[in-house]
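# here is the input, now give the coordinates:
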Amino acid sequence: MRPSMTDDYDVKTLESEPNILITPESWASSLPEEPELKDLVHLPFIMLGAMKDYTFRNDLLKSFARRGIKPDIVMECKDLPILVSLVSHELGISIIPGMNKKSLDTEHLKIYKLPQLEVTVEPVFLKLKDIPMSTAANNFWNLVN
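Predicted coordinates for the structure are as follows:
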């Protein structure tokens with residue numbers, strides 16, 4: 001969410017998570033153990049589609065452009081579980097926010113860290129200001145650091 005749109009909210013920012021590269025497990029031999037963006041351009045790329053108020057897609061494309069390279073985007077998908085399924089069915093590779101790693105079905109995937117990638121996702125909790133909350137909701141809000 002854009003900072004200018006948070007005026008009506010109390011915001012708690014969580015630790016940012018690096019993005020991850022996911023590939024079909026069977027394609028692991030075509031990549032180095034610690035791949036860089038330049039190592040990905042020969043593979044079909046499934047891009048996480050642009051979403052309102054999120055800059056992930058553009059930030060990722062800028063990271064490639066700064067290195068003078070361009071991913072071979074074969075499709076875009078806004079639905080993360082479908083995107084992961086497309087990768088696991090060997091239709092391409094993708095870079096996704098790392099915070100989704102724990103919820104992925106990784107049975108047929110190889111997951112790589114991309115430490116050189118400066119794009120991160122910073123998860124936040126939001127609640128409307130000056131709106132009464134239940135005791136349970138308040139307790140949950142207070143648990144979040």
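
# now the element after the longest strand along the chain, going C-ward?
When the chain is parsed with DSSP state E, its longest strand is strand 17-24. Per DSSP states H and E, the first helix or strand lying C-terminal to strand 17-24 is strand 44-48.

# and for that next one, what's in contact with it?
For strand 44-48, the surrounding residues in contact (CB atoms under 8 Å, 6 or more residues apart in numbering) are 56-57, 60, 71-78, 80, 83, 86-87, 91-96. Heads up, the C-betas are built off the backbone N, CA and C, glycines and all.

# ok, of those, which come out buried?
56-57, 60, 71, 77, 80, 83, 86-87, 92-96 (16 or more other CB atoms under 10 Å).

# Asn145 and Thr13 touch, don't they?
No. Look at Asn145 against Thr13 with CB atoms under 8 Å: they stay out of range, at 9.6 Å.

# on that earlier part again, so which of the buried ones among the contacts of strand 44-48 belong to strands?
Reading strands off the buried ones among the contacts of strand 44-48 with DSSP E, I get Cys77, Ser94, Ile95, Ile96.

# for Pro35, state which of those is nearest.
Ile95 (10.4 Å; CB to CB).

# what comes up buried for the longest helix along the chain?
Determined from DSSP state H, the single longest helix within the chain is helix 56-66. Within helix 56-66, the residues that count as buried by 16+ other CB under 10 Å are Phe56, Arg57, Leu60, Leu61, Ser63, Phe64.

# what about Ala28, distance to Pro132?
Separation of Ala28 from Pro132 (CB to CB, to the nearest Å): 52 Å.

# looking at those two, which has the bigger crowd around it?
Between Ala28 and Pro132, Ala28 has the larger neighbour count (other CB atoms under 10 Å), namely 14 against 7.

# checking the closest residue to the more buried one other than its chain neighbours next. Helix, strand or coil?
The spatially closest residue to Ala28, leaving aside those adjacent along the chain, is Lys110, at 4.5 Å (CB to CB, 6 or more residues apart in numbering). In three-state terms, and counting by DSSP: H, G, I helix; E, B strand; the rest coil, Lys110 is strand.

# and Lys110, bridged to which residues?
Thr23 (DSSP bridges).
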